[in-house]
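A.B. asks: Here is a sequence together with a model predicted from it:
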Amino acid sequence: MSQRSALALVADIGGTNTRVALADGEVVRDGSIRRYANAGFADLETVLRRYLDETGNPGVSGVCVAAAGPVRDGVATMTNLDWTITGTGLTAATGAAQTAILNDLQAQGHALGRIAPAHLRQVIAGPKKPGGAMLVVGLGTGMNAAPVHETPWGRVVAASECGHISMPVRTDEDHRLAKFVAEVGPHAHGFAGVEDVLAGRGLERVYAFAAHEAGRTADKRGAEIMADVAAGETLACTAAQLYIHLLGQELGNLALIHLPFGGIYLIGGVARAMQPWFDRMALAAHFRDKGRFAEFMGSFSVEIVEDDYAALTGCAAYLAGGGRG
Ligand SMILES: Nc1ncnc2c1ncn2[C@@H]1O[C@H](COP(=O)(O)OP(=O)(O)OP(=O)(O)O)[C@@H](O)[C@H]1O
């Protein structure tokens, strides 16, 4: 990839929703963003063709997509959706010769520094070192994270699949939850990964576990659980407290692995839904609960990104920068 695109198509493909836009160089065109529910489409190519039809078929010379799944040898496999994305498919759907496929968290990493301050809200206070490493953590249909490093050769955003490492286990209750998630709860698959407790369905599993512990059976969707939390319903509050304990633990683990002194950024639908409860349910205390490293944990700032379209900005920046990093 060496050419710069005049007009590019950018897309963020989550497990539930796909957002599509046009970009002039590194700037997402005002008013061009459209959102599609994946359930209504057979594949990404159909979504992109629909978008281009709806926008009068503007010629695009480049396309960059951010996919919620691993990208290997230029092919993305969606983790929570039966779609595979290839450069050939993108060219066939859009006519663009220049294609790039990123993991969605990598795209989010390329957006950092380009997000309007009004879309950022600090949820754990701490210093932010200019030029320091940063970390993006996504809590949506899936969970993942990507470290962001500024180098003399430009920005490098490393891909990972850290949503599929073991969930944090600190207390006896966490042990029981891990066993429940791996063996008993909804969608049990013999393993209790971070995504299994922290993504959208993760919150629902944590709620099912709280019910199980109370000798009940309960099955509720995330938005219903959060409405119950707002209403002060005991089971939902117990689940939210456990969720925030796990989130704090895991964010602390990731901070110690990557040392993001430039800031930690939370994105995704579940992060935004949970955010009003972070202070009341002591996210910062759980984050800093690292024994003799408790004070050190004060070196990190955590912010929520309230812009649901930041990955599109990241795709545009990546493509305009020549597709490196
Ligand atoms: N108010 C809410 N309370 C709890 N969970 C919610 C709420 N709103 C959305 N969610 C959950 O957020 C998830 C969707 O988040 P988001 O829109 O960030 O997903 P996505 O971009 O499609 O997913 P991903 O990129 O992680 O695959 C779903 O699991 C949904 O259940």
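C.D. replies: Structure received.
A.B. asks: tell me the secondary structure for Ala227?
C.D. replies: Of the three states, Ala227 takes helix under DSSP: H, G, I helix; E, B strand; the rest coil.
A.B. asks: how about the residue in the stretch 101-250 of the chain that the ligand sits nearest to, phi and psi?
C.D. replies: Here the stretch 101-250 of the chain gets closest to the ligand at one residue, Gly200, 1.8 Å apart by Cβ to the nearest ligand atom. Heads up, the C-betas are built off the backbone N, CA and C, glycines and all. Dihedral angles of Gly200 (phi, psi; degrees, to the nearest 10) stand at phi -50, psi -50.
A.B. asks: Contacts only, for it.
C.D. replies: Residues near Gly200 by Cβ atoms under 8 Å, 6 or more residues apart in numbering: Thr16, Gly140, Thr141, Gly222, Gly269, Val270.
A.B. asks: Please name the nearest non-neighbouring residue to the third one.
C.D. replies: Which is Thr141. Nearest residue to Thr141, sequence neighbours excluded (Cβ to Cβ, 6 or more residues apart in numbering): Gly15, at 2.9 Å.
A.B. asks: What of the second one?
C.D. replies: Leaving aside its chain neighbours, Gly140 sits nearest to Gly268 (3.5 Å; criterion: Cβ to Cβ, 6+ apart).
A.B. asks: Isn't the one you found up against Asn144?
C.D. replies: No - Gly268 lies out of contact with Asn144 (Cβ atoms under 8 Å); the separation is 9.4 Å.
A.B. asks: what sits in contact with each of these two?
C.D. replies: Contact criterion Cβ under 8 Å, 6+ apart; residues shared by Gly268 and Asn144: Gly138.
A.B. asks: Go through stretch 217-237 and flag the buried ones.
C.D. replies: Using 16 or more other Cβ atoms under 10 Å as the test for burial, stretch 217-237 gives Ala218, Lys220, Gly222, Ile225, Met226, Asp228, Val229, Leu235, Ala236, Cys237.
A.B. asks: Also stretch 112-122?
C.D. replies: Here stretch 112-122 shows Leu112, Ile115 as buried, counting by 16+ other Cβ under 10 Å.
A.B. asks: Same question for stretch 178-194.
C.D. replies: Buried-residue list, stretch 178-194, by 16+ other Cβ under 10 Å: Ala178, Phe180, Val181, Ala182, Gly185, Ala192, Gly193, Val194.
A.B. asks: What's the local residue count around Pro130?
C.D. replies: By the criterion of other Cβ atoms under 10 Å, Pro130 has 8 neighbours.
A.B. asks: now stretch 71-79, how far from the centre of its chain.
C.D. replies: Relative to its chain's centre, stretch 71-79 lies at 16 Å (Cα atoms, centre = their mean, to the nearest Å).
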